[in-house]
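J.: sequence below, structure please.
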Amino acid sequence: MDCEQDLKSNVPDDALQEIFSKTWSIAQNKRQDSLFLLSILRSLELIHRQIRTEMFEPSLPETRNDLYQLVKDIEEKGGWPYIERMKLQKLLQNLQLDEIESTKSNQDKV
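T.: Down below sits the predicted model:
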């Protein structure tokens, strides 16, 4: 199963699957454009934050039993949604590798 199929199987609603498929398709078409991909990631982070603060937090259960059911669901179905950020050190390592490869390529041409 590829990444798209794996992730789509975890999307319960047809409308969400459509959004996921469209976003994934756009990202695949722009896979070499790091600035565009970064803008997608920023947009996803923004909507994640807005949904969490403006809709999810106000909808949290008020009773202990309902809160227990929510926590149980979170644990059973994959945990808390988290948007991971690339570590700056990892980005710098990638830049160093690119610089080394570029230098080597230029030396091979001489």
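
J.: how near is the most centrally placed residue in the chain to T103?
T.: Among the residues of the chain, the one closest to the centroid is I83, at 5.5 Å (Cα atoms, centre = their mean). Distance of I83 to T103, given as Cβ to Cβ, to the nearest Å: 35 Å. Where C-beta positions appear, they are placed from N, C-alpha and C, glycine not excepted.

J.: neighbours around T23, how many?
T.: 13 (other Cβ atoms under 10 Å).

J.: ok, L35 next?
T.: There are 7 residues near L35, going by other Cβ under 10 Å.

J.: and it, what's its pLDDT?
T.: Per-residue pLDDT puts L35 at 95.

J.: do you know how far it is from L88?
T.: 17 Å.

J.: who's in contact with K104?
T.: With Cβ atoms under 8 Å, 6 or more residues apart in numbering as the criterion, no residue contacts K104.

J.: which SS state does Q32 fall under?
T.: Here Q32 is recorded as coil under DSSP: H, G, I helix; E, B strand; the rest coil.

J.: per-residue pLDDT, it?
T.: The model's pLDDT for Q32 equals 95.

J.: what do you get for V71?
T.: Confidence score, pLDDT, at V71: 89.

J.: cool, and F56?
T.: F56 is assigned 90 on the pLDDT scale.

J.: neighbours of it, how many?
T.: So F56, with other Cβ under 10 Å, has 12 neighbours.

J.: any idea how far it is from E84?
T.: 19 Å.

J.: which residue ranges of this structure form helices?
T.: 3-8, 14-29, 34-51, 64-76, 88-109 (DSSP state H).

J.: how about stretch 40-51: buried residues?
T.: Buried residues in stretch 40-51, counted by 16 or more other Cβ atoms under 10 Å: none are found.
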